[in-house]
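**Q** Here is my input; please provide its structure:
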Amino acid sequence: MKPQAMMIYPTIFVKEATGGYAVYSPNIPGMHTEGDTFTEAVHWTIDAIATMLDGAANYPDPQDPSDWQLHDNEQIVMISVDMGRWLFEKARERETKTVRRTITVPKYLNDFAKKHDINVSRLATQALEAELREG
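**A** Here you go, the predicted model:
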């Protein structure tokens, strides 16, 4: 499968005696992760799948899990991975260096920002990040 932004892979969640979950997928050899709760396991599974696929020329086609043999403490969970968002978040974590950029705003907005102690750089950064997430 050619790389694309959104993929859905079947995984196997194994309920541990401790209450947590171990997770693997026959679809993605070597992908193993875990979580103390179901929600945490989903979070780490998304990250594990994306990590395994990062940089791959082609992503594996999702398998049909209907013939997978499961134990009593196992369940199939479909996991959606948005590689574009994951790559953006990883780049954001790595690229924390700031750069100076001059922007022009109308005087009345500049006066308002000063009067209300608004950090214009922070506000512009938040607006650009929101635009990037939506776009």
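**Q** Tell me where the model's unsure across the protein.
**A** Counting by pLDDT under 70, the chain has low-confidence residues at 1-4, 96, 134-135.
**Q** one more time with 50, if that's ok
**A** Low-confidence regions of the chain, defined by pLDDT under 50, are absent; no residue qualifies.
**Q** Tell me the spatial nearest neighbour of the most centrally placed residue in it, not counting adjacent residues.
**A** For the chain, the residue nearest the mean C-alpha position is Trp86 (3.8 Å; C-alpha atoms, centre = their mean). Spatial nearest neighbour of Trp86, excluding adjacent residues (C-beta to C-beta, 6 or more residues apart in numbering): Ala50 at 4.1 Å. Any C-beta I mention is one placed from the backbone N, CA and C, and that applies to glycine too.
**Q** repeat for Phe38
**A** Closest residue to Phe38 apart from its sequence neighbours, by C-beta to C-beta, 6+ apart: Tyr21 at 6.2 Å.
**Q** what are the bridge partners for that neighbour, then?
**A** Lys15, Gly35 (DSSP bridges).
**Q** all strands of this protein, in order?
**A** Taking DSSP state E to define them, one finds strands in the chain at 6-15, 21-24, 32-35, 74-82.
**Q** So which of those has the densest surroundings on average?
**A** Neighbour counts (mean count of other C-beta atoms under 10 Å) averaged over each of those peak at strand 21-24, with a mean of 20.
**Q** Thanks a lot, catch you later.
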